[in-house]
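Peer 1: dropping the sequence and predicted coords here.
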Amino acid sequence: MTATTITAAKVFDGEKILGVTTVTIEDGKIVQVGGEAPAGADVVDGTGATLLPGLIDAHVHSSPDSLALALRFGVTTELEMQGTNTRARRAGISRDDAVADVRSAGFGLTPPGGHPSELFPPGFNPGGAAGPPSGEPPFHPDATSPQGAAASIPKLLAHGSDYIKFMIDDGSVEGHPGLPMIDQATLNAGVAESRKYGALTVAHTLTIDATRMALEAGIDGLAHLFVEPHDPEIISMIKDAGMFVVPCAVLNASLMGITGDELADDPRVASRLNEDWEKTLRSSFNCYPQGDIEDVLTTIKALSDAGVDILVGTDASVPLPFLGGLAHGASVHHELQYLVRAGLTPPQALRAATATTARRFALADRGRIAEGLRADLLLVDGDPTTTISDTLNTRAVWRRGTRLGPVR
């Protein structure tokens with residue numbers, strides 16, 4: 001395969017701006033950072049552009065169509081937090097350079113009738129659209145007792161879950177208070193068993209009380225940020241526990257009735273969305289109107305200032321208005337803008353979508369621009385290290401060194 005060299009671009013390696021302007025890729029990997037283009041290489045002129053690692057969305061619910069949409073926005077990996085794209089079921093996706101790569105929790109631990117069942121109308125099957133068919137059905141874990149939770153962990157891992165998800169939600173934020181919810185003993189048992197297998201654990205937590213439960217259990221990371229104003233104690237507890245946080249500010253905004261209209265109005269976004277996704281992005285969950293998005297942003301800044309790892313995630317799922325305000329790929333860029341609005345610097349926000357997520361999810365082959373890593377790359381016009389919205393100025397996307405066709 002002929003090498004490709006991107007020249008004359010500013011290079012952000014996932015952590016910092018490098019003092020080099022050329023990157024060479026070959027056979028799906030980054031083979032040279034800096035130096036001259038090898039003889040015979042295809043040269044891509046990056047003048048006026050910035051080269052980034054492919055972006056990572058640390059909270060989605062995926063399908064082949066949504067993975068294709070994500071890649072058009074430079075999101076080269078999605079981390080599924082409930083769905084069917086577990087290891088044995090994603091072989092085709094792993095080989096298909098026209099879609100984003102994916103990792104999956106499989107199905108999360110939640111009692112019968114617990115979250116997220118309240119989100120869907122009768123007869124709707126969210127799992128049915130989450131991945132390709134397979135000879136083996138997905139495994140649904142038992143969250144009704146400590147024994148059931150502990151027994152479910154090795155089964156989830158055997159069925160190909162890459163990490164373990166726990167739902168800690170009584171439905172109060174979604175407007176369905178009193179939902180069955182995992183109890184502390186069951187949560188503790190599931191997390192302890194996960195630790196025995198060396199499995200990463202994440203928790204769905206939309207309130208401070210749920211966050212405290214996750215802290216007591218020893219969860220590794222929060223897949224959501226609580227909607228209430230924070231206090232210094234909860235920030236310190238999260239920091240001291242070494243947790244990472246995927247705030248999903250775009251999701252919290254949607255819960256509070258804030259649509260994605262402003263994003264959908266951006267021609268750089270509108271040109272890549274079909275009618276269903278545009279309609280979804282212009283909608284919202286609107287189930288927690290008493291919330292204030294500024295509280296969420298203030299908490300994000302407090303966590304970042306305390307040294308907590310912040311990861312970019314969106315909770316994008318399927319193009320249905322009742323799951324609105326979100327769209328695969330596009331909402332990653334919206335989340336980056338929210339992080340900067342919260343007070344993070346553009347480089348801090350970019351780390352949250354690249355190197356930090358790769359490190360926390362043990363994705364050692366991606367998230368950075370370094371020799372030997374996957375050639376998952378995003379070339380954008382302008383300089384998102386100073387103007388974060390420049391991430392939407394897509395000039396080129398590579399997934400495993402294969403350049404995606406036209407993205408607009």
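Peer 2: The structure has been received and is ready for your questions.

Peer 1: following element in sequence after the lowest-mean-pLDDT helix or strand in the chain, please.
Peer 2: Within the chain, no helix or strand scores below helix 91-95, which has a mean of 93 by mean pLDDT, DSSP states H and E. Downstream of helix 91-95, the next assigned helix or strand under DSSP states H and E is strand 101-104.

Peer 1: for the following helix or strand past that following strand, buried residues please.
Peer 2: Using DSSP H and E, the helix or strand that follows strand 101-104 towards the C-terminus is helix 146-158. Buried residues in helix 146-158, defined by neighbour count with 16 or more other C-beta atoms under 10 Å: Pro146, Gly148, Ala149, Ala150, Ser152, Ile153, Leu156, Leu157. Where C-beta positions appear, they are placed from N, C-alpha and C, glycine not excepted.

Peer 1: just want the angle from the helix or strand just after helix 146-158 to helix 146-158.
Peer 2: Counting by DSSP H and E, the element after helix 146-158 in chain order, helix or strand, is strand 164-168. For strand 164-168 against helix 146-158, the angle by axes from the mean of the first three to the mean of the last three C-alpha atoms, to 10 degrees is 140 degrees.

Peer 1: next one: strand 164-168 to chain centre, how far?
Peer 2: Centre-to-centre, strand 164-168 and its host chain are 16 Å apart (C-alpha atoms, centre = their mean, to the nearest Å).

Peer 1: one more: stretch 162-170?
Peer 2: So, by C-alpha atoms, centre = their mean, the centroid of stretch 162-170 is 15 Å from its chain's centroid.

Peer 1: low-confidence stretches in the stretch 151-300 of the chain?
Peer 2: For the stretch 151-300 of the chain, applying pLDDT under 70 flags no range at all.

Peer 1: sorry, back to before: which two of the buried residues of helix 146-158 have the greatest separation?
Peer 2: Pro146 and Leu157 (18.0 Å; C-beta to C-beta).

Peer 1: quick one, what contacts Arg366?
Peer 2: Shown in contact with Arg366 (C-beta atoms under 8 Å, 6 or more residues apart in numbering): Pro53, Gly54, Ile56, Thr76, Thr77, Ala358, Leu373, Arg374, Asp376.

Peer 1: quick check: it vs Ala241, distance?
Peer 2: 26 Å (C-beta to C-beta, to the nearest Å).

Peer 1: ok, and the most crowded of the contacts of Arg366?
Peer 2: Asp376 (33 neighbours; other C-beta atoms under 10 Å).

Peer 1: quick one, phi psi at that residue?
Peer 2: Backbone torsions of Asp376, given as degrees, to the nearest 10, read phi -100, psi 110.

Peer 1: that one contacts Thr76, doesn't it?
Peer 2: Yes: contact criterion C-beta atoms under 8 Å: Asp376 and Thr76 qualify, at 3.9 Å.

Peer 1: show me the common contact partners of these two, please.
Peer 2: Going by C-beta under 8 Å, 6+ apart, residues that sit against Asp376 and also against Thr76 are Gly54, Asp101, Arg366, Arg399.

Peer 1: kindly tell me how buried Ser94 is, as a neighbour count.
Peer 2: Look at Ser94: counted by other C-beta under 10 Å, it has 13 neighbours.

Peer 1: now it: closest residue in space, sequence neighbours ignored.
Peer 2: The shortest distance from Ser94 to any non-neighbouring residue, by C-beta to C-beta, 6 or more residues apart in numbering, is to Asp101 (6.5 Å).

Peer 1: for that neighbour, name its beta-bridge partners.
Peer 2: Beta-bridge partners for Asp101, by DSSP bridges, are Thr77.

Peer 1: check the gap between it and Leu55 for me.
Peer 2: Relative to Leu55, and taking C-beta to C-beta, Asp101 is found at 12 Å.

Peer 1: and those two? Which one has more around it.
Peer 2: Comparing Asp101 with Leu55 by other C-beta under 10 Å, the one with more neighbours is Leu55, at 30 against 26.

Peer 1: is that one in contact with Leu378, as I believe?
Peer 2: Yes: with contact defined as C-beta under 8 Å, Leu55 reaches Leu378; the gap is 6.3 Å.

Peer 1: can you check which residues contact both of these two?
Peer 2: Shared contacts of Leu55 and Leu378, defined by C-beta under 8 Å, 6+ apart, are found at Gly74, Thr76, Thr391.

Peer 1: doesn't Asp383 make contact with the last one?
Peer 2: Read it as Thr391. No: applying C-beta under 8 Å, one finds Thr391 not in contact with Asp383, separated by 10.2 Å.

Peer 1: out of the two, which sits in the busier spot?
Peer 2: When neighbours are counted by other C-beta under 10 Å, Thr391 comes out ahead of the other of Thr391 and Asp383, with 25 against 17.

Peer 1: check the gap between that one and Leu320 for me.
Peer 2: When Thr391 is compared with Leu320 (using C-beta to C-beta), they lie 26 Å apart.

Peer 1: and for Phe361?
Peer 2: Distance of Phe361 to Leu320, computed by C-beta to C-beta: 27 Å.

Peer 1: ok, the two, which is more surrounded?
Peer 2: More crowded of Phe361 and Leu320, by other C-beta under 10 Å: Phe361, with 23 against 17.

Peer 1: tell me the pLDDT of that one.
Peer 2: Looking at Phe361, its pLDDT reads 98.

Peer 1: my read: it touches Leu79, true?
Peer 2: Yes: the criterion here is C-beta under 8 Å, and Phe361 meets it with Leu79 at 6.3 Å.

Peer 1: so who does Leu18 touch?
Peer 2: If a contact means C-beta under 8 Å, 6+ apart, then Leu18 has Val11, Phe12, Val33, Gly34, Ile369 as its contacts.
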